[in-house]
Every structure is written in structure tokens, then in C-alpha cells.
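Participant: I would like to see how this sequence folds:
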Amino acid sequence: MATESPADRLARVLRVPTAATDGVPDAAGLRTLRDLLVELYPGAFAALEVELVAEHTILARWPGASRDEPALLMAHQDVVPPGDGWTHGPFDGAIVDGVVWGRGAIDDKGSLVGILEAIEALVGEGFAPARDVWLVLGHDEETLGGGARAAVEALATRGVAFAFALDEGGAVVDPPVPGVAVPAAMVGTSERGVAMLRLAVDEHGGHASTPPRMPATAILARAVVRASRARFPERLTPTTVRMLRTLGAHAREPYRALLTRADVLSPVLRRIMAANPETRATITTTASVTRLRAGTAANAIAERAEATVNVRLAQGTSIADVVRILRRAIRDERVAIDVVHGHEASPTSPTDGRGWDAIVAATAREHPGAVLSPYVMLGASDGRHAHRVTDRVYRFTPFVLTSELRACLHARDERIPVEAFERGVRWYRRLLEAC
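Facilitator: Here you go, the predicted structure:
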């Protein structure tokens, strides 16, 4: 029988469904996945000291020659529900024409498998790291759960302080600014915060044949419209300015002249970026109504109407600021605004030190034509918890991802080319050798 390739093993991992249902982790799927990982990576798991936290999050230590200033690598086992309409089944793990298809191929089983592939190969060659390497492989990242947080809290309680942490995030992409023709390796040095708010209206119900002038649903509908028009502060953070200047140095004119002076031209650039929904999300807090709920019967007036608001917090805007701005925009005391859960935007990590240098070196080896740039990550990751144990938290997925591939994240037809995945495995190996 032919020897399995890294892509074959990734495909096997993708065949294990690990999506939560109504926010509840798939315990059976996670146990199956864990057993499969031990089977696929016997050398790595023999070398790792493994424990489980919060039932399913894997916390592991790869002992090095020194316990001082260890590295922390993070990934997560769970995936979002697949939805319908896939070209190849979301849990088929199909490899077709040099592409691995399946939910989690990029987010985030690709990184999880890439890390274990690198460790397995290094252990097989007798390599031992110069310093300890820890892994936190969370099980409920997609539902903003607490697995990775609990693992990091355990590390903090033990007094383990890390030189750096690395989690999912940016990738090697087409530059996110105009006029640049070289690829960009985007490394998140911070990430936006996330908050879930609930707008709620309670009114008297009754039969639908005799409605009040403003039932709960109408009050809520008006509040939703007003909330969607709320304006939050727009600002170019120092990280965004540095990103524009870094990438701008490789741009053609006239973009080069504009971008390399982003520090002094930030008011102009802010207006330009605010005109596009995608770039506007990089400079301001966003609030999107994602769910509506009201009523229990078609012929009964709803006694309660609710809307869920998903908020992504820019640095400099707090959850309390968002509540205040929405309250001012809605202008109706009948609408209650409650914070269901959330966390503030993360601190900005320095771009120096052993971890950053290892990321730079690994990227230079595997993606020599790419410009490496810091940026503010728009999504949320388990990496936000790592700030408890290190001031250097980076977010980077070392795969070449086109805009078409990125559009499949949390959507149908998630997939990754075999070549891109294998290059990412080599990147993780370079990182482990250097850190």
C-alpha cells in the first residue's frame, strides 16, 4: 500500500465532523478526532506530554533543552457547520486535481495538521527543540467557547511565561492595498474585539386582529434600522499605518507616494478606506444585526421581540462605548440593550524578539517573494487568551490563499491546494527549528 502523504492525512482529519450544534461541542466527533490524531502522529504524541482541559482541548508540552521562554503554538479542532451546496461533500475529505476539499481545510484543521506534521517529521529525525514548545489545540473556538481560555489559565497558574504565541490569522495573500504586485504575508499583531449584544422589547401581547399602534416588533424594527445607521469612530491605528507604509514601499506610483506617507496623510486615507465596506472594517467598529426573534403564533401579537447584534471592536472603542453609541442612535428607552458576552480588542504585540524573528525567517525561506507586514486581524481567534502569558501574540496561517479560497471560509467549498498545504507544513518546520 502506498505511503500516506501529508495531504492524505489532512483529508482523513477533515472526514471527522467536529461542528457544534446550537453551541454545544460535538463530544463524539472530538473524541474520534483525538484518537485519529494519535494514530496519524504516533511519534509526535510519544514525544508530547498531553493532557485534556475542559474535556476536549488538548494541552501539550514538547520538552526542550530549556524550559525558559517557551513557544506556544495554537490551533483549533472544531469547525463551523458546513451548510449545503458543496461541490464535494464537506466531510468527504476529497482530494481532486491537487486540491483537498472539506470543512476545516483552512479554518483551522489545516494549521492543526500542519503543526503535527512538522513535529512528527522532526521527532522522526531525532530533533529536540532548544526550548519547550507548548500546544493549545482548542475545541470550541468557533462558538467563542472557553477551552483555549481554560488551557491558558492553567499555564498562567503554573507560572509558564512564553516568548511568543502563534495562532491562526493572516496568510500569504494578494496585497490588501492597490498598486502592489508582490504577494503579502500578513501577520496579525492584534485583533479586534468581539461582543454579542441583545436588543429586546417587551410589550403587551394579544390577538393579532386588534394590534396596538406600535407593537414590540415595530419598536424593534425601528431600533434595528437606527442601529444599522449608527456611526462609530474611524481611525487608522499605528498598526494599520505601518501596514500601509510597509506595503506601499512596494507599490507603483502614485500609490507609493500616498501609502508611504500614511502617517501624515491618514485623514485622506481614512476617507478613502471608509468608502469601501471591506476596507472600512479595518478602521472602525462594526455592528451587524444577525438574528431576529419574536412571537409564538401567527395570529398572536409578540410580547417580546429580540435582535442579536454582532459587534467587532476596533482598538480604541470599548464595549461600553458601543452600548452608549447604540443607545444614542436608537433613541428609545423601550429597547433594552444587554451585553450577552464579549471581549475587548487585544493589545498590539511588538514586532521584535525571538518569535517575530522566527516568523520572519520561516517566511523568507518558504515565501521568499512575499512582503511580510503586520496588520490588525478582523476576526476573533483563541490567540486573544494568550495575552495572559505573553506580550507577543501573532496570528498567521502560513498558506498561500487567493481571494477565492478566502471567500470559502465559513462558506461552502472550503478547500486548500496540496502544494499550498505542504508549503505550510514546511513553514511550521522552519519555525520550530528556529524558535
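Participant: where do the strands sit along the stretch 51-200 of the chain?
Facilitator: 57-62, 66-76, 95-96, 99-101, 131-138, 164-173, 184-191, 193-202 (DSSP state E, counting those that start in this stretch).
Participant: In TSV, list these along with mean pLDDT.
Facilitator: Shown next, in TSV, are the strands of the stretch 51-200 of the chain (pLDDT from 0 to 100):
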stretch	mean pLDDT
strand 57-62	98
strand 66-76	97
strand 95-96	98
strand 99-101	98
strand 131-138	98
strand 164-173	97
strand 184-191	97
strand 193-202	96
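Participant: M214: which of those strands is closest?
Facilitator: Set against M214 and scored by CB to CB, these come closest in strand 193-202, at 9.5 Å. All C-beta spots, glycine's among them, are computed from the backbone N, C-alpha and C.
Participant: Can you name the next helix or strand after the closest one?
Facilitator: The helix or strand immediately downstream of strand 193-202 is strand 206-207, counting by DSSP states H and E.
Participant: thinking again about what came up before, can you tell which of the strands of the stretch 51-200 of the chain is closest to I301?
Facilitator: Closest to I301 of the strands of the stretch 51-200 of the chain is strand 193-202 (CB to CB; 11.9 Å).
Participant: Can you give me the buried ones in that closest one?
Facilitator: Buried residues in strand 193-202, counted by 16 or more other CB atoms under 10 Å: G193, V194, A195, M196, L197, L199, A200, V201.
Participant: sec struct for H341, please.
Facilitator: Using DSSP: H, G, I helix; E, B strand; the rest coil as the criterion, the local structure at H341 reads strand.
Participant: and the residue lying closest to it once chain neighbours are set aside, bridged to which residues?
Facilitator: In space, and not counting its chain neighbours, H341 is closest to M196: 5.5 Å by CB to CB, 6 or more residues apart in numbering. Counting by DSSP bridges, M196 is bridged to N310, H341.
Participant: Is it correct that T279 is in contact with M273?
Facilitator: Yes. Applying CB atoms under 8 Å as the test, T279 and M273 come out as touching, 4.1 Å apart.
Participant: picking up where we left off before, if we only consider the buried residues of strand 193-202, which is nearest to V323?
Facilitator: The nearest one, if we look at those relative to V323 and count by CB to CB, is L197, at 7.2 Å.
Participant: What is the neighbour count of the closest residue to the closest one other than its chain neighbours?
Facilitator: Counting by CB to CB, 6+ apart, L197 lies nearest to V309, which is 4.2 Å off, once chain neighbours are set aside. V309: 23 surrounding residues under other CB atoms under 10 Å.
Participant: sorry, back to before: got TSV for the buried residues of strand 193-202, with distance to D132 too?
Facilitator: Shown next, in TSV, are these (distance: CB to CB, whole Å):
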residue	distance to D132
G193	30
V194	30
A195	35
M196	36
L197	40
L199	47
A200	48
V201	53
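Participant: The strands of the stretch 51-200 of the chain: which one's closest to D332?
Facilitator: Evaluated over the strands of the stretch 51-200 of the chain, closeness to D332 peaks at strand 193-202, with 8.5 Å, by CB to CB.
Participant: ok, back up a step: check what pLDDT the residue nearest to L197 gets.
Facilitator: On pLDDT, V309 comes in at 98.
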